[in-house]
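Enquirer: fold the following for me, if possible:
(chains A, B and C)
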Amino acid sequence: MLQSSHRLRRPADIQRVRQAGNSWRHPLVILLARSNSLDVSRFAFVASRHVGKAVKRNRAKRLLRESVRVHLSEIQPGWDLVLIVRPLLPQAAYGEVETAVTQLLQRAKLLVEHP
RNA sequence: CAGGUUGGCCGGGUGAUCGCGGCCAGCAAACAGGCCGGGCCAAGAAGUUGGCUUCGCCCAGCUUGCUGGCUGAGGAAAGUCCGCACUCCACAGAGCACGGCGCCGGCUAACGGCCGGGCGGGGUAACCCGACGGCAAGUGCAACAGAGAGGUAUAUUGCCUGUUUCGGGCUCAGCCCGAAGCAGGUGAGGGUGAAACGGUGGUGUAAGAGACCACCGGCAGCGGCAGUAAUGCGGCUGGCCAGGCAAACCCCGCCGGGAGCAAGACCAAGCAGGGUGGAAGGCGCACCGGGGAAGGCUCCGUCAGGAGCUUUCGCCGGUCGCCUACGGAGCGGCUCGUUCCGUCUGACAUCCGGGUAGGUUGCUUGAGGGUGGCAGUAAUGUCACUCCCAGAUAGAUGAUCACCGGCGUCUGGUCACUGACCGGGCGUUACAGAAUGCGGCUUAUAGGCUGACCUGGUUU
RNA sequence: GCCGACGUAGCUCAAUUCGGUAGAGCAAUGCUCUUGUAAAGCAUCGGUUAUGGGUUCAAGUCCCAUCGUCGGCU
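Expert: Got it, this is the predicted structure:
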């Protein structure tokens, strides 16, 4: 679990991102993003029943959460992000998931230039 | 040694770096609160009271961050198939309906669970399996085939008797043989079917048949012995036999009120109502208001009457109470019973429309775990000591790396005779994630440890 | 978390009441018709009734377990 200030919790917020946000697709994961008025970025992780049973869904969300946590300092603040698991993700290794997440963040131009 | 049966248990370990949830302690910041002092404003004659302000002080609230300590998934956490606790509905009621269970005894909070026993079936055996009450209460069902499918049934094959006709033969008023028809007896044989009204042997007969007899099987009734019981063993009598299906309706016995932690409680925030349907009468030295009739007293009076006060009696309206009736809700199949609300200022129902879906609590100390003793064949119970062992909230126990294990396979060496030990390579390390808790059942599961027992072979 | 329904031919559905030879339409294949195609007509093919077990003489139907799909409830 991320720190609670970085969690996107309420169903209404997630619904707003899904309807009004932009999306980028990758075979393992889908990224939705929308700017908020805060000075931090918040994240939500979604895994539907099509991904698998509880173990697979938890595993997928943990991998995504770890990828986001590692790169948290490089992500621009002030965005609400929703990451949706696609069915192939639970079979992937952590390295593939991490590269997928960084690719999506680069395409969305949400990474800040690191010195 | 090989094969098999069955019970119990485990289900990776160590370390490093980064990270997460809960509880406790400390520190810091912000907010709320309190207090005293100060300042300003208002009221008042004044003591004083009220408000604001932010400066100082306080910490028992709450939020965030940091630091430290402790702690953090399962044997099935799963499926949700049963049972309970707990909560609300009324205090959990009665009857019917409906549903579940179903050999006997025990265990348990309870169970469709477990233990022990009985019976039936399978297996050489260890052992395994069984919805295992009742079809001689009633109703119903059985395709096709078959004469007949449940009734003291049934005949176009068969067997037998009588009779008629025809043919043949002979020792010729007749007898014998064969065929066909008709009438009668019969259900033994053949045959159909999943299933055909006991089996074997005999008596008997025209042919036969439980028609009769003996034995056997099965059934019913009544005793006996063993057992708490299911049941087992054995005896007497009876009638000759009563078929299958109740996971067919049903009967019998036992159990079950409904909903579920998304139960329930509290706090905060927010909103807007409207349409339709909709069930009443009576009583009261009760109260209020209005108006009427009769009587009494006082005053005025032109002796027509008028005004005021007061008593009694009806009437109308309303309030309150009671009674009966009706309507509705609790009450989720119906009736009774009961509690509450309401009967036109209308309970409630229904339709349209509007708002919210945030937080706290319930929330983990419990039919609890471990060790040992005792009772019991066992399930289980009990006693003593000891331990505290997840409580998240879109959901924490994760990511990466190294080493060590386990297993499979290939291969090198040593001992030795197809195994053990020492190495190496490759592969593999399952099923699966708490969500109120607990007792079971069912299903999934890489691999491993261990107890007991059976059969066969060999050796002694 | 709770409740309910369903699974039959490649597709859409019957037959399940009260157990007795699993059917229909479309599709596919072949033939006729046509110069050819379509349409039409005739014929054929196609099913372990989701899976496993049980009751029964007999199971798509009755019972139990499992798997999957869909829907509803705050």
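
Enquirer: hmm, who's touching the longest helix belonging to chain A?
Expert: In chain A, with assignment by DSSP state H, the single longest helix is helix A:54-70. Defining contact as CB atoms under 8 Å, 6 or more residues apart in numbering, one finds that helix A:54-70 is touched by A:1-2, A:29, A:43, A:45, A:47, A:51, A:75, A:83, A:85, A:89-90, A:92, A:94, A:97-98, A:100-102. For the C-beta atoms, the positions are set from N, CA and C on the backbone; glycine is no exception.

Enquirer: of these, which belong to helices?
Expert: A:94, A:97-98, A:100-102.

Enquirer: just to revisit the earlier point, please indicate which of the contacts of helix A:54-70 are buried?
Expert: A:29, A:43, A:45, A:47, A:51, A:75, A:83, A:85, A:89-90, A:92, A:97-98, A:100-101 (16 or more other CB atoms under 10 Å).
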